[in-house]
Structure formats: C-alpha cells, structure tokens
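K.L.:
Sequence and predicted structure below; questions after.
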Amino acid sequence: MKSDLFPDAVLGVEELHRHFAQEIVEIDRALLALLTGLGPPSTHYGMLSYHFGFVDAGLQALPEGGYLPRGKRLRPVICNLLCGAFGLPRRVAKQLMMAAEVMHSASLAHDDIQDRDDLRWNRPTLHAVFGLEQAINAGDALIGMVYRLLLGLTAQGVAPSLALDVIAAFNRAHLLMCEGQHLDLSFRYDSIAGADEYLEMVERKTAAACVCIGESIAILASAPPQAREALVEFGRSFGVLYQVCDDVRGIWSLPDSLGREIGHDVLLQRPTLPLLFASQHGSARLRAMLLRASGRATPLSVFELKSFRTELTNCGAGQYCLDAAVLHHRSAHAALTSMGRECAGIDALRGMVDACLSSVEALLLHAPIEFPAASTRPSSGPGYSQVAPEHDPASMEK
C-alpha cells in the first residue's frame, strides 16, 4: 500500500488485488459456484470454501464483499489477461482460470502443513482450524478438482486432443511443484551450494504453475513457436521474480502486510535468497544470530528482526536480491514483447511485473529498517514478541 514513506510511484504487490478487483470478483463467483455445486458431505466442501475465504471457521457462508482475507488470485488474473491477448473464448478462459487457482490453492494447503504455518492472509490456516488430517484431505480434494475442471474443457468446445495436451501440461507442472517442494523441504539456507540450486528449486516450486498457464494457452490458441516460447519464458521469469519478491517480503515486511509470521523463514532455516546469501557472505555475528534462531519455537522479537535486517543489508543480501529481481523483471518484459500481442492485457501484465519489482525496491531501498513504535503496533499476536522498552525501535517502516 502507498504511505508517506514511499514514493507515489511505488505500487506494492498488495495493490494488485485492488487494481484487478472486477476480475477477482468474477473468479470468486465462479469458484463459489463450483464449490456449492459439489457435495455432500457439506462439511468437506465447507472446509474448501473456508480455504478460499467464502465461509468462516464455523462454515457459515459470508456475503460477497465480506469474504475472509484471501490470496491475490494472481494466477487466474494472469491467465485471464493472457487468454484475452490470445483470443481464447471466455468460457474456455474461465475454465482454465479456475483450474490454475485451484491447483495453487491445493499447494498452499499442503505447504502450510509442511512449513508449520498457522497463519496465512492474517487468518488461521486450514490445519490450524480443522486439524492436520482434514487439511491434508482438503488439499488432496483440491488436486482432484483441478483435473475435473480440465476435463470440463471439452464441454466448452475444446477438442479432446487439445484438452488432453492441457491436462498433460498441468500434470507436468504438478509433478514439478512436488519436486520443488521436496527440494525446499530438503534444503536449508546453509546447505544450498549457490544460486543455481536455488533457481532449480524455485523454477519447480513456484514458476512451474505460471509456465503451465503459458503452455496451456499456447496449446489452446495454437500459438506459433515464437509466441509459445515467449509464453513459457514469461511464466518462468515471472514465477522466479515473484518468489524473490516473496523471499524479500518474508524478512523486510511487517506482519500486518505480509499476512503470515514475519521472520518465520529464519526459524525454519528456509532456503530463501537473502538467507542463502547471508550464510555465505554474512558476518560472523549474523551467522551466529541465524544459528541461535534456527529451530526456535517462539517468534523473533522486533528487536531481533531489526538486527537481522541491519546485518542482511550490511552484508549485501538485500542488494543481491534486488539484482536478481531486476534480472527476471527484464526477462519477463522481454517475453511479453516477444509474444507479439500488444494489447491492454499485455500492458496490464507489464504493470504486474513492474509492481513486483517496485515492491522489492520499496522494501529494500525506501523503507527504514525500524518497526513502528509500540503505541502503533499490536502488543501480541503472530509475529510479535514483547521486548524491553530500551530495545523497542520507535521508527516507522510502512
């Protein structure tokens, strides 16, 4: 969000939700119609509806406009814009958009369990509300729904052979995402050899879903080779850019804007880009701080987070992440141009790419290291710890 501390030109990633509000309303309506048309058991599909934000923790339906905080619907928005640019029928685009979002949501249900995250979008995760067993089952059900949606492409006029090719693309992405998650769970920030291993992990874990969207649209639109390659490259570049952005936000954001516990990556020794760089180039003090925090059950205090940010900035981790973001930002822009489909949708995608880079720049270049004063910050809750007044930063970040 914009604030007095940031230049007016900066567009944070969270602004995307507002910018594409109408598209997101349409996506939400389609997802809600899909879920309400399934069942029984109603409690099972109610849990899925909670994951999407359509019902509360008691499985009571919420009115449109009063949904729980939820994801940015980024993947279906990207899908919608690219489908429009390549002239796909609206009914086909809608089916593909839902499949992309449901596959992403399935991965989140399982990720939250594996990463031990009890909070997402500033509300309790599926397993935090309904237990591990039901959350695992819900994630499995969402995977099944993806293929149900893709099989429905033929009912929207898609030739069976093309629908099968799209299903194969989603299947490849699904397996790649699992491979990437395996690497993510296997690696620690101090066990990755370097940027190449990080990129290999991220291209599978995050970018594969975006590549899948591009591949599917290329198949359905019978795109020429150059456009097909550009669609795939855009998915890869944007996916990596978004992950770099998320890695930065995991350290430099505030919990109320991040939607999950700040600094949790440090506690879990996650192989994120800033922590990877810090483990190889950080000071002895920073490495000792990381060692002390690793595996700890209690959240980092605001004083500890301030210290981490200072040390990460001093060792060049922030600049390293910014350089990586700039590289993939350029690649994503080049891919959009190579598609040869200049239109409002492509321009909107350019804005989305710029928003990701702006988000990184805002946090690393414009935002002070300090946190809000105690009077403007919650005294407790996920991501916060009580600290002594003399150690309580009194400045403003965002």
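P.N.:
Alright, I've got the coordinates.

K.L.:
what number of residues lie near R18?
P.N.:
11 (other C-beta atoms under 10 Å). Every C-beta, even on glycine, is put in place using the N, C-alpha and C of the backbone.

K.L.:
so how far is P271 from T298?
P.N.:
22 Å (C-beta to C-beta, to the nearest Å).

K.L.:
Those two: who's more crowded?
P.N.:
Ranked by neighbour count (other C-beta under 10 Å), T298 and P271 place P271 first, with 24 against 8.

K.L.:
Tell me which helix or strand that one sits in.
P.N.:
If you go by DSSP states H and E, P271 is not part of any helix or strand.

K.L.:
and it, what does it touch?
P.N.:
L183, D184, F187, R188, Y189, S191, I192, Y198, M201 (C-beta atoms under 8 Å, 6 or more residues apart in numbering).

K.L.:
Got a quick ChimeraX command for the buried subset of those?
P.N.:
Selecting just the buried residues from the contacts of P271 in ChimeraX takes one command, with 16 or more other C-beta atoms under 10 Å as the test:
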select :183,184,187,189,192,198,201
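
K.L.:
Could you pick out the one among the contacts of P271 with the lowest pLDDT?
P.N.:
The member of the contacts of P271 with the lowest pLDDT is I192, at 74.

K.L.:
Could you look up the SS state of that one?
P.N.:
Following DSSP: H, G, I helix; E, B strand; the rest coil, I192 is assigned to coil.

K.L.:
how close does it sit to Q319?
P.N.:
19 Å.

K.L.:
helices and strands of the chain: which one bottoms out on pLDDT?
P.N.:
helix 255-258 (a mean of 66; mean pLDDT, DSSP states H and E).

K.L.:
next helix or strand past it?
P.N.:
helix 264-267.

K.L.:
For the helix or strand that comes right after that following helix, which residues meet the burial criterion?
P.N.:
Following helix 264-267 in sequence order, the next helix or strand is helix 273-281 (DSSP H and E). Across helix 273-281, burial judged by 16+ other C-beta under 10 Å covers L273, P274, L275, L276, F277, A278, S279, Q280.

K.L.:
Output the contacting helices and strands for the strand or helix carrying G345.
P.N.:
Assessed by DSSP H and E, G345 sits inside helix 344-361. Judged by 3 or more C-beta pairs under 8 Å, 6 or more residues apart in numbering; DSSP states H and E, helix 344-361 is in contact with helix 15-19, helix 74-85, helix 225-252, helix 317-338.
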